[in-house]
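>>> predicted coordinates and the sequence they were generated for:
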Amino acid sequence: MITVAELVGIRSLGLTWLAGAAGGHRLVTWAHAVDLPDPWRWVAAGYLIMTVGTGIPRDPEDQRKWVGQLADANTSALVVARSSTAPEISKAMLDEADARMFPILEASFELEFIKLSRRVIESVLQSQRERFDASQRLFQTYAGALRDEPDMANRLDLLGSRMGIHLRIEDAGSGVPILRGRRDIPDTAPVERAEIPGRAKAVLKLWRDGPPGPDDMFLRRALVGLLAIELERQMIERDGLRREGESLLSDLMRGALDLGGARSLLERRGLDSTLVTMVIIPAGRSAWSAADIHHAPELHGFAPLFTQEDGFIAVVPDRDPVLDAILDRLGPDTRAGISGPVTSAGGFPESLHQARLALSQAQERGTCRQRYDPAGSELTLGPKTVAEARAVVARYLGPLIDYDRSNSLSLVQTLAVFLDNNGIWKVTAAKLGIHRQTLVYRLKVIEQLTGLKPTTSAGTARFWVALQAGRAAGLL
């Protein structure tokens, strides 16, 4: 591609500056002859406008506005080979061009515009050939890197060394590295940044061993396109792993598969260390939703198990950076209960129960996350396993659950609201939207069905433990 200043430098064209020499760096993408009074309607950005001047207005103020509209259209320059009938170019027009850094060139009327157009077109075609050759070299280099390095991080390193550049892909929001080669960025190096399109929410950071070449911007766009395809391919693979993981986690939580039987499947997913179960309530604005959290860069080295079938549940390595990353990515108000280490004895159903108990405590305390603590007094008051929780719920709430299936009194809800409001009749009735006498009647039915009076200490304690166990184990 040729610039306006380079065109002026071609002596055979006989072009001279009239104004706007400060805009000599403008690239010329095409040349077009037009003598209409509104040439900006017939050209595109980067065009060199050639005219004999008959379309230029005669009034100096009109000329000033006229050249301003050409500049607004982002044309590269105006070449005037003035005919005898064309108006003189006013100082107001030239001053406006200087102020806008819009080049105005003078040419002899004898100059054949076809010669000037040919020069511009030859330059454009040569530039396109060079870009094609450069892109071909890039694709050949990339194809070679694909063949020689199956790992993408090593491929970035190999590609960078062959092209004389250094490359790193980072998360757009946090700057966490997603992929980088072994050649790290020098602290003092000028870094170029380009957003990578697609779902990856990533940017490419690039710095060079030498000065940039004329086609570097074009090559960077081509490289960004290639990397977008690579990142999307990886995301498709992770989507597949998540779907497989949901099925595996369902089997584990139902007890259809135990830890020993799933060991090899977990190891293939990089889950070969101590594991914990998380029960999570995402909240607040976040970069990643529960549906796509598996793409967060901190989780790229392994494939956690996620499901949203019965709340948002995750099985991940018991490492604080991993737990922190999941909570941070899902939003600032996210809460989570974290089980103790998954063991062969308790299995995944027990770890899920522990995580639900821990989440209940996190909600009560108003904390972001809570680990299950078997020694904690508040967590040892209730049942310790899902089986125990099911037995407690069946013993104290079973008659109420059965009654609610065929009646409209909502006894379990009534009991829960009554206890949550410390047995205050007026508040409970208001929360339920019923009359106080209706509440009295419902509590009487609860006493008749269970043999426990909700207003006594014994009844309150047993019902409260049963409700807490049912909620934590997901039985209610």
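Happy to help now that I have it.
>>> tell me the mean pLDDT over the helix ranked longest in the chain?
Taking DSSP state H as the assignment, the helix of the chain that covers the most residues is helix 216-254. Here helix 216-254 scores 85 as its mean pLDDT.
>>> output the contacting helices and strands for that helix.
helix 113-148, strand 192-196, strand 202-208, helix 259-268, strand 305-307, strand 312-317, helix 347-365 (3 or more CB pairs under 8 Å, 6 or more residues apart in numbering; DSSP states H and E). Any C-beta I mention is one placed from the backbone N, CA and C, and that applies to glycine too.
>>> so can I have CSV of the ones you listed showing distance to residue 7?
Listed next are these as CSV, based on distance: least, CB to CB, whole Å:
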stretch, distance to residue 7
helix 113-148, 7
strand 192-196, 29
strand 202-208, 29
helix 259-268, 63
strand 305-307, 61
strand 312-317, 63
helix 347-365, 70
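>>> out of these, which one sits most buried?
Ranked by mean neighbour count, these are led by strand 305-307 with a mean of 24 (mean count of other CB atoms under 10 Å).
>>> and that one, what's its mean pLDDT?
95.
>>> ok, stretch 171-187 next?
Mean predicted confidence for stretch 171-187 is 72.
>>> next: stretch 281-299.
On average, stretch 281-299 scores 89.
>>> how about it: buried residues?
Residues of stretch 281-299 classed as buried under the neighbour-count rule (16 or more other CB atoms under 10 Å) are 281-282, 286-288, 290, 292-299.
>>> out of those residues, who's nearest residue 362?
Distance to residue 362 across the buried residues of stretch 281-299 (CB to CB) is lowest for residue 281, with 8.9 Å.
>>> contacting residues for the spatially closest residue to the closest one that is not a sequence neighbour?
Computed as CB to CB, 6 or more residues apart in numbering, the closest residue to residue 281 that is not its neighbour in sequence is residue 335, at 4.9 Å. Listed by CB atoms under 8 Å, 6 or more residues apart in numbering, the contact set of residue 335 reads 280, 281, 283, 359, 362, 363, 367, 368, 369.
>>> who is the nearest residue to residue 358 once chain neighbours are set aside paired with across the strands?
Among residues not flanking residue 358 along the chain, residue 337 sits closest, at 3.3 Å (CB to CB, 6+ apart). For residue 337, the beta-bridge assignment (DSSP bridges) gives partners residue 279, residue 370.
>>> give the contact list for residue 337.
278-279, 354-362, 369-370, 372.
>>> and residue 344, by the same measure?
So residue 344 contacts 258, 259, 260 (CB under 8 Å, 6+ apart).
>>> quick one on the thing from earlier: what two of the buried residues of stretch 281-299 are the furthest from one another?
Going by CB to CB, the pair spanning the buried residues of stretch 281-299 furthest: 281 and 297, at 23.0 Å.
>>> nearest to residue 424, of the contacts of residue 335?
residue 363 (21.0 Å).
>>> which among the helices and strands packed on helix 216-254 is found nearest to residue 398?
Residue 398 lies closest, by CB to CB, to one member of the helices and strands packed on helix 216-254: helix 347-365, at 18.6 Å.
>>> gap between that closest one and the chain center?
Distance of helix 347-365 from the chain centroid (CA atoms, centre = their mean, to the nearest Å) equals 30 Å.
>>> that helix versus helix 216-254: what angle between them?
Comparing the axes of helix 347-365 and helix 216-254 via axes from the mean of the first three to the mean of the last three CA atoms, to 10 degrees yields an angle of 100 degrees.
>>> tell me which other helices or strands helix 347-365 touches.
Partner elements for helix 347-365 (3+ CB pairs under 8 Å, 6+ apart): helix 216-254, strand 275-281, strand 312-317, strand 335-338, strand 369-371, helix 377-380, helix 386-396, helix 457-472.
>>> ok, and the helix or strand in this structure with the lowest average confidence?
Ranked by mean pLDDT, DSSP states H and E, the weakest helix or strand in the chain is helix 377-380, scoring a mean of 42.
>>> and stretch 407-415, average pLDDT?
Here the average pLDDT along stretch 407-415 is 88.
>>> export only the CA atoms of it, formatted as CSV.
The C-alpha trace of stretch 407-415 is given here as CSV (Å, rounded to 0.1, in the frame of the first residue of the first chain):
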residue,chain,number,x,y,z
ASN,A,407,-54.6,-32.0,51.7
SER,A,408,-54.1,-28.3,51.3
LEU,A,409,-53.0,-27.3,54.8
SER,A,410,-49.2,-27.2,54.0
LEU,A,411,-48.3,-28.6,57.5
VAL,A,412,-44.5,-28.9,56.8
GLN,A,413,-44.4,-25.3,55.6
THR,A,414,-46.5,-24.1,58.6
LEU,A,415,-44.2,-25.9,61.0
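>>> give me the residues contacting that stretch.
Counting by CB under 8 Å, 6+ apart, 397, 400-401, 403-404, 428, 432, 439, 442-443, 445-446, 449, 454, 463, 467, 476 sit against stretch 407-415.
>>> hmm, try it at 7 Å
Here stretch 407-415 makes contact (CB atoms under 7 Å, 6 or more residues apart in numbering) with 397, 400, 401, 403, 404, 432, 442, 445, 446, 454, 463, 476.
>>> can you count the residues close to the fifth one?
It refers to residue 404. A count of neighbours around residue 404, defined by other CB atoms under 10 Å, yields 16.
>>> next helix or strand past whichever strand or helix holds it?
Taking DSSP states H and E as the definition, residue 404 sits inside helix 398-406. Scanning forward in sequence from helix 398-406 by DSSP H and E, the next helix or strand is helix 411-420.
>>> what angle sits between that following helix and helix 457-472?
Using the same axes, to 10 degrees: helix 411-420 against helix 457-472 is 110 degrees.
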